[in-house]
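> Mind looking at a prediction? Sequence and model below.
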Amino acid sequence: MYPELFKIPFTELTVKSYGLMMVTGFLGAVFLIRHLSRNITPDPQLITNAALYSLIAGVVGARLFYVVHYFEKFRGAPLSVFAIWQGGLELLGGVVLAITVIILYLWYHKLPVRRYLDILAIGLMLALVFGRIGCFLNGCCFGKPTDLPWAVRFPYGSLSYRSQSSEDLGRGRAEPYFQLPSDFFRYVEKENGWYWALKAYEDLTPAQKYMVKNGLYCGLGVHPTQLYSSANAAVVCLILYVFWRRSSNASGKSNRKKLFSGPGCTFGLMFVLYGVTRFFIEFIRDDNPFEYDWWAIYKGGTVSQNLGIYLAVLGVILMLIFQRFKPKAVGST
């Protein structure tokens with residue numbers, strides 16, 4: 001786990017692994033989108049501008065989704081809503097707002113919306129490949145304990161370790177996976193009062209440091225769900241690219257004969273594939289709380305599982321709608 005890769009010389013600033021991977025994924029997605037859209041765009045700069053706007057919208061949407069989801073955390077400290085450097089972004093919220101902004105941008109510039117959305121879907125999955133690697137380096141989005149040979153063990157103080165060493169009522173776990181002695185904890189003052197929390201690693205005794213690194217209180221090995229998600233995004237990206245090439249090669253009457261070959265169908269397929277795979281990956285994640293809200297289709301699942309269902313259904317609807325549209329010439333929406 002490397003949440004901070006290195007410190008910038010002569011400053012107190014550090015380069016965060018999650019942010020670096022997000023930027024890497026963004027740049028890779030922009031390059032791929034520009035390359036794939038070279039035959040349908042009058043000005044490649046329009047694609048770069050759309051990507052920049054979507055990046056801003058993605059960050060805002062991801063933060064808003066997190067704030068709404070965990071509103072109680074911000075009730076007594078409204079200004080902390082803007083402190084994104086402290087963490088708290090949810091991918092799905094960012095994707096929804098980013099796609100909305102891109103659609104409005106393409107419509108405003110009279111660009112072929114459905115054709116661009118198909119290419120955008122491929123770029124989004126490429127960006128997610130790097131984004132999930134950032135999650136792994138940051139230690140978030142962790143999985144359940146497992147004895148598989150490729151299980152990873154996150155260090156003392158990580159999100160995974162904190163989850164394992166305490167109860168998690170949000171996931172129906174009344175007892176921790178392992179019980180730490182009370183001398184590993186202390187009261188910590190925060191904005192809303194005092195909290196019983198793990199001591200910093202530096203404050204542990206030499207004997208305690210040994211126990212949390214190599215001894216009795218070492219964290220449990222868990223599924224590297226971040227890497228599963230990264231590999232899944234890579235496979236989905238490849239499938240979407242092949243599907244897009246199939247659609248692009250179809251034209252005229254043959255385009256209407258091939259099932260789901262119209263512009264926009266690749267975009268719809270992205271929702272189907274991501275929604276289904278995210279639903280199943282959530283079964284081996286151990287971070288998101290279970291949801292029991294009235295709007296949940298899958299009662300007792302996580303919010304991401306329910307959103308996965310909604311996305312898959314939306315994707316099927318979009319594919320059915322776009323299949324009925326007659327193919328339009330490049331330059332039309």
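On my side now, so go ahead.

> ok, then the element right after the helix-or-strand element of the chain with minimal mean pLDDT?
Least confident helix or strand, the chain: helix 252-257 with a mean of 51, by mean pLDDT, DSSP states H and E. Next in sequence after helix 252-257, counting helices and strands by DSSP states H and E, comes helix 265-281.

> List the contacts of that following helix.
If you take Cβ atoms under 8 Å, 6 or more residues apart in numbering as the criterion, helix 265-281 is touched by 114, 117-118, 120-122, 124-125, 225, 228-229, 232, 236, 239-240, 243-244, 247, 260, 298, 304-305, 307-319, 322-323. C-beta here means a position set from N, CA and C on the backbone, and glycine is covered the same way.

> Can you give me the buried ones in it?
The neighbour-count check on helix 265-281 (16 or more other Cβ atoms under 10 Å) flags 265-279, 281 as buried.

> mind checking how far stretch 168-183 is from the chain centre?
26 Å (Cα atoms, centre = their mean, to the nearest Å).

> Between the two ends of it, how far is it?
Chord length of stretch 168-183, first to last residue, is 20 Å (Cα to Cα, to the nearest Å).

> buried residues in that stretch?
Using 16+ other Cβ under 10 Å as the test for burial, stretch 168-183 gives 168, 177, 180.

> Can you lay out those as TSV showing distance to His109 and secondary structure?
Formatted as TSV, the buried residues of stretch 168-183 follow (distance: Cβ to Cβ, whole Å; DSSP: H, G, I helix; E, B strand; the rest coil):
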residue	distance to His109	secondary structure
Asp168	47	strand
Tyr177	53	coil
Leu180	57	coil
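
> Now these in JSON lines, please, with extra columns for distance to Asp293 and pLDDT.
Shown next, in JSON lines, are the buried residues of stretch 168-183 (distance: Cβ to Cβ, whole Å; pLDDT from 0 to 100):
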{"residue": "Asp168", "distance to Asp293": "18", "pLDDT": "91"}
{"residue": "Tyr177", "distance to Asp293": "27", "pLDDT": "94"}
{"residue": "Leu180", "distance to Asp293": "32", "pLDDT": "92"}
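
> In the stretch 101-250 of the chain, where is pLDDT below threshold?
190-193 (pLDDT under 70).

> can you map out the helices along it?
Ranges of helices in the stretch 101-250 of the chain, per DSSP state H, counting those that start in this stretch, are 113-138, 159-164, 206-213, 225-249.

> of all these, which lies closest to Ile40?
For Ile40, the closest of the helices of the stretch 101-250 of the chain is helix 113-138, at 5.5 Å, according to Cβ to Cβ.

> quick check: mean pLDDT across stretch 314-329?
The pLDDT scores in stretch 314-329 average 82.

> Next, the buried residues of that stretch.
Of all the residues in stretch 314-329, those buried under the rule 16+ other Cβ under 10 Å are 315, 318-319, 322-323, 327.

> That one: how far from the chain's middle?
Distance of stretch 314-329 from the chain centroid (Cα atoms, centre = their mean) equals 26 Å.

> Touching that stretch from outside, list them.
By Cβ under 8 Å, 6+ apart, stretch 314-329 touches 112, 114, 251-252, 255-256, 259-265, 267-273, 275.

> For Ala51, grab the count of nearby residues.
Residues within reach of Ala51, counting by other Cβ atoms under 10 Å, total 22.
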